[in-house]
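Enquirer: Predicted structure and sequence below. I'll ask about it afterward.
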Amino acid sequence: MSDKPENNAYWASNIRIVTWCLVIWALVSFGFGILLRPMLSGIAVGGSDLGFWFAQQGSILVFLAIIFFYAWRMNKLDAEYGVDEQ
Amino acid sequence: MDQFTLNLLFVGASFALYIGIAIWARAGSTAEFYAAGRGVNPVVNGMATGADWMSAASFISMAGLIAFTGYDNSTFLMGWTGGYVLLALMLAPYLRKFGKFTVPEFIGDRFYSPTARMVAVICLITASITYVIGQMTGVGVAFGRFLEVDNQTGLFIGAAVVFAYAVLGGMKGVTYTQVAQYCVLILAYTIPAIFISLQLTGNPIPALGLFGNAVDAQGVDSGVALLTKLDTIVTELGFAEYTTHHSDTLNMVLFTLSLMIGTAGLPHVIMRFFTVPTVADARWSAGWSLVFIALLYLTAPAVGAMARLNISELMWPNGTDGEPVTIQQIGEEDKYAWMATWEKTGLLGWEDKNGDGKIAYFNDKNTEKKAAMEAAGWGGENELTKFNRDILVLANPEIANLPGWVIGLVAAGGLAAALSTAAGLLLAISSAVSHDLLKGQLTPDMSERNELLSARVAMAVAIAVATYLGLNPPGFAAQTVALAFGLAAASIFPALMMGIFSKRINNVGAVSGMLVGLIVTLVYIFLHKGWFFIPGTNSFTDADPLFLTVQSTSFGAVGAILNFATAILVSNATAAPPKEIVELVESVRIPRGAGVATDH
């Protein structure tokens, strides 16, 4: 299978999608939830700030969105490259 | 009907349901015992994974840890959900494509080495046993409360129930019973939270109520945000503000990362993804799991914050500048009845140290507050002497004065959470021993009947060890479980990930990586928590750790980095993997051809 260039292109696309998803994953949790919280402290959310909301609620909601996006995108990619299960 | 009978009724009814399903779906062949014939729909699988995943740590322990610390313990929320992203993007679809039964099997085949498989078995057992200790702590608390016995007796009864339960069915029994358990546990968690959110904020959705305004006893909007009110009352009692960041940032980041990587490295969760019909389903299944998990995780911070507010107000019924609660009130008034019932478990305690007939609850380590309390005449010592974090969720409906059936439901839910996870872990341990160690290595010609028998013996031994170690747990349930995540993060996840994403990592590299990750992390934990968790044998404490500010619960992320680094260095210094392994990796990366999963 290694000699099939389309398989390499498929894998490269997958890696690109995974990388972007992980960037967002890290941004909402480690970023907004912890390290960047001081920068978000000006945005008030119900008695606290946006960083607190991301740490306790927002990051979880974004994680869900990432997983469903990835499943949808990859299943489409499988079909495009003809590597889906038949 | 009194509360004790009501609890027994709810717990008894839920158990009858699980056992009924387990008997109905009893496993016949070994394939069914481990992976239920791979016929499980992604939504059903997601729900079962949710039950499997949400253990005593999530259900019983987590909200209590958030309640008493506030923002800093958001790490549990992000860590235990964020790991599903890693699982969905980096492991689940590929492991399903590979199509074997167990995690060590993948590691053994990918790294073409029986040694790698054995090392994976050791890593898996170490992480899983630590995890079961945490479950046993939770089981002890739950049984202690609802049978009204002390914590230790509760632990022994719980161990017997877990044993009977886990040995009965394999994965198939477990899959469908876990769907039932999910329903019980999520109702038990959310119903009291909805009641309490309505009482305190007028909003039926706890996650929204947490960021809403507090209402007074008549339900009129007070114009003050709930979190502001909570921040005010806890600071008045001399504690740190609830919503602000106090702990060390490096430790907080590493702890979150450990929990995330550990989630994606825990065998009992990964095994779930072997049971979905297709690779596409494995991707969806991870998403569905997180949907069902998120229902609890979005509610937990609200449960924690609201309980903290309720407790503070109960202990200071006349406001923080009025008189504290009196011993007479605790003994007579209905809303304090929960204190007497929980005192029996030995996990809650109070003592009138200055003999004024009142129980003053405040932070006596805060010198300013201590002086103020002395001046007010309530004594310079905190008199609510013991409040175990693990009782908070179970005591919550009683603290909020909810009806008796809610309390019974919560007892059933807590047990469902602990039992389902313990069963899933025991299954992972027993399959590692019987399938990977005995059948795969020591006695390959073992009959199917003996394989099942040895699986059950392995379960029994694991429960005995975990119960014994659970008598002196290294922390509250969620903290012990966090150690298990650190171990899984440092040993299993890196090997799986590199096995899929790199064609260069070879047998020697993977084995040395896993060993370095596991041993360094385990030693670091033992140095801080005591050798084999025996109290007093530790050389360092988490307050003053060996390496920078990294606590033993956060070290898993460091262990994982060491594992990656060792594997890469060693692999590059030794021969590349053979051609057929490169082809194996290439085939795992592509969904086409799945479904022809090999039987062993």
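Expert: Ah, there it is.
Enquirer: What is the three-state secondary structure of the residue nearest the centre of chain A?
Expert: Centroid-nearest residue in chain A, with Cα atoms, centre = their mean: A:Cys21, separated by 2.6 Å. Recorded secondary structure, A:Cys21: helix (DSSP: H, G, I helix; E, B strand; the rest coil).
Enquirer: what's the spacing between it and A:Ala65?
Expert: 10 Å (Cβ to Cβ, to the nearest Å). Where you see a C-beta, it was placed from the backbone N, CA and C, and this is true even at glycine.
Enquirer: again with B:Tyr336
Expert: For B:Tyr336, the distance to A:Ala65 - Cβ to Cβ - is 44 Å.
Enquirer: Can you classify B:Glu241 by secondary structure?
Expert: coil.
Enquirer: Quick one: residues contacting it.
Expert: For B:Glu241, the contacting residues are B:Gly70, B:Asp231, B:Val234, B:Thr235, by Cβ atoms under 8 Å, 6 or more residues apart in numbering or on different chains.
Enquirer: what's the spacing between the second one and chain A?
Expert: For B:Asp231, the distance to chain A under the criterion Cβ to the nearest Cβ, to the nearest Å works out to 7 Å.
Enquirer: pretty sure B:Leu546 is in a helix, no?
Expert: No: with three-state DSSP as the criterion, B:Leu546 is assigned coil and is not in a helix.
Enquirer: hang on, it packs against B:Phe526?
Expert: No: if you go by Cβ atoms under 8 Å, B:Leu546 and B:Phe526 don't touch, sitting 11.3 Å apart.
Enquirer: how about B:Ser454, phi and psi?
Expert: For B:Ser454, the backbone dihedrals (degrees, to the nearest 10) come out as phi -70, psi -30.
Enquirer: Would you mark the buried spots in stretch B:368-388?
Expert: By neighbour count on 16 or more other Cβ atoms under 10 Å in any protein chain shown, the buried set for stretch B:368-388 is B:Lys369, B:Lys370, B:Ala372, B:Met373, B:Trp378, B:Gly379, B:Gly380, B:Asn382, B:Glu383, B:Leu384, B:Phe387, B:Asn388.
Enquirer: out of the contacts of B:Glu241, which are inside helices?
Expert: Judged by DSSP state H, helices contain the following of the contacts of B:Glu241: B:Asp231, B:Val234, B:Thr235.
Enquirer: what's the closest of those to B:Cys123?
Expert: Taking Cβ to Cβ as the measure, B:Val234 is the one of those closest to B:Cys123, at 40.9 Å.
Enquirer: how close does that closest one get to chain A?
Expert: Distance of B:Val234 to chain A, computed by Cβ to the nearest Cβ: 13 Å.
Enquirer: got the contact list for the closest residue to that residue other than its chain neighbours?
Expert: Excluding the flanking residues, the one nearest B:Val234 by Cβ to Cβ, 6 or more residues apart in numbering or on different chains is B:Tyr242, at 5.5 Å. Going by Cβ under 8 Å, 6+ apart, B:Tyr242 touches B:Gly70, B:Tyr71, B:Leu227, B:Leu230, B:Asp231, B:Val234, B:Ala305, B:Arg308.
Enquirer: Among the residues you listed, the buried ones, what's the ChimeraX command?
Expert: Provided next is the ChimeraX selection string for whichever of these are buried by 16+ other Cβ under 10 Å:
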select /B:70,71,227,230,231,234,305,308
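Enquirer: distance of B:Gly593 from chain A?
Expert: 8 Å.
Enquirer: Shouldn't that residue be within a helix?
Expert: No: counting by three-state DSSP, B:Gly593 is not part of a helix but coil.
Enquirer: What strand or helix carries B:Asn396?
Expert: Per DSSP states H and E: B:Asn396 is located in helix B:392-399.
Enquirer: Can you list the helices and strands that that helix packs against?
Expert: On a contact count with 3 or more Cβ pairs under 8 Å, 6 or more residues apart in numbering or on different chains; DSSP states H and E, helix B:392-399 meets helix B:63-69, helix B:114-146, helix B:171-201, helix B:279-315, helix B:337-343, helix B:404-431.
Enquirer: Which of these sits closest to B:Asp52?
Expert: helix B:404-431 (4.1 Å).
Enquirer: for the lengthiest strand in chain B, what is the average pLDDT?
Expert: For chain B, the longest strand by residue count, based on DSSP state E, is strand B:221-225. Mean per-residue pLDDT for strand B:221-225: 91.
Enquirer: could you give the angle of that strand to helix B:171-201?
Expert: Here strand B:221-225 points in a direction 110 degrees away from that of helix B:171-201 (axes from the mean of the first three to the mean of the last three Cα atoms, to 10 degrees).
Enquirer: What is strand B:221-225 packed up against?
Expert: Using 3+ Cβ pairs under 8 Å, 6+ apart: strand B:221-225 touches strand B:213-215.
Enquirer: neighbouring strands for the strand it packs on, and are they parallel or not?
Expert: strand B:221-225 (antiparallel) (DSSP bridges).
Enquirer: Pull the distance from the strand it pairs with to the chain's centre.
Expert: Put simply, strand B:221-225 sits 34 Å off its chain's centre (Cα atoms, centre = their mean, to the nearest Å).
Enquirer: One more: stretch B:423-430?
Expert: 15 Å.
Enquirer: Which of the buried residues of stretch B:368-388 fall in strands?
Expert: Reading strands off the buried residues of stretch B:368-388 with DSSP E, I get B:Phe387.
Enquirer: got the buried residues of stretch B:368-388 as JSON lines, with distance to B:Ile125 and pLDDT columns?
Expert: Listed next are the buried residues of stretch B:368-388 as JSON lines, based on distance: Cβ to Cβ, whole Å; pLDDT from 0 to 100:
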{"residue": "B:Lys369", "distance to B:Ile125": "47", "pLDDT": "93"}
{"residue": "B:Lys370", "distance to B:Ile125": "47", "pLDDT": "92"}
{"residue": "B:Ala372", "distance to B:Ile125": "52", "pLDDT": "92"}
{"residue": "B:Met373", "distance to B:Ile125": "50", "pLDDT": "92"}
{"residue": "B:Trp378", "distance to B:Ile125": "51", "pLDDT": "91"}
{"residue": "B:Gly379", "distance to B:Ile125": "50", "pLDDT": "89"}
{"residue": "B:Gly380", "distance to B:Ile125": "49", "pLDDT": "89"}
{"residue": "B:Asn382", "distance to B:Ile125": "42", "pLDDT": "94"}
{"residue": "B:Glu383", "distance to B:Ile125": "44", "pLDDT": "93"}
{"residue": "B:Leu384", "distance to B:Ile125": "40", "pLDDT": "93"}
{"residue": "B:Phe387", "distance to B:Ile125": "34", "pLDDT": "91"}
{"residue": "B:Asn388", "distance to B:Ile125": "29", "pLDDT": "89"}
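Enquirer: Quick check: the farthest pair among the buried residues of stretch B:368-388?
Expert: So, the buried residues of stretch B:368-388 by Cβ to Cβ: farthest apart are B:Ala372 and B:Asn388, at 27.1 Å.
Enquirer: And for B:Lys97, the neighbour number?
Expert: B:Lys97 has 22 neighbours, counted by other Cβ atoms under 10 Å in any protein chain shown.
Enquirer: contacting residues around it?
Expert: Contact partners of B:Lys97, counting by Cβ under 8 Å, 6+ apart, are B:Val279, B:Ser587, B:Val588, B:Arg589, B:Ile590, B:Pro591, B:Gly593, B:Ala594.
Enquirer: measure the first one to B:Asp109 for me?
Expert: Taking Cβ to Cβ as the measure, B:Val279 and B:Asp109 are separated by 18 Å.
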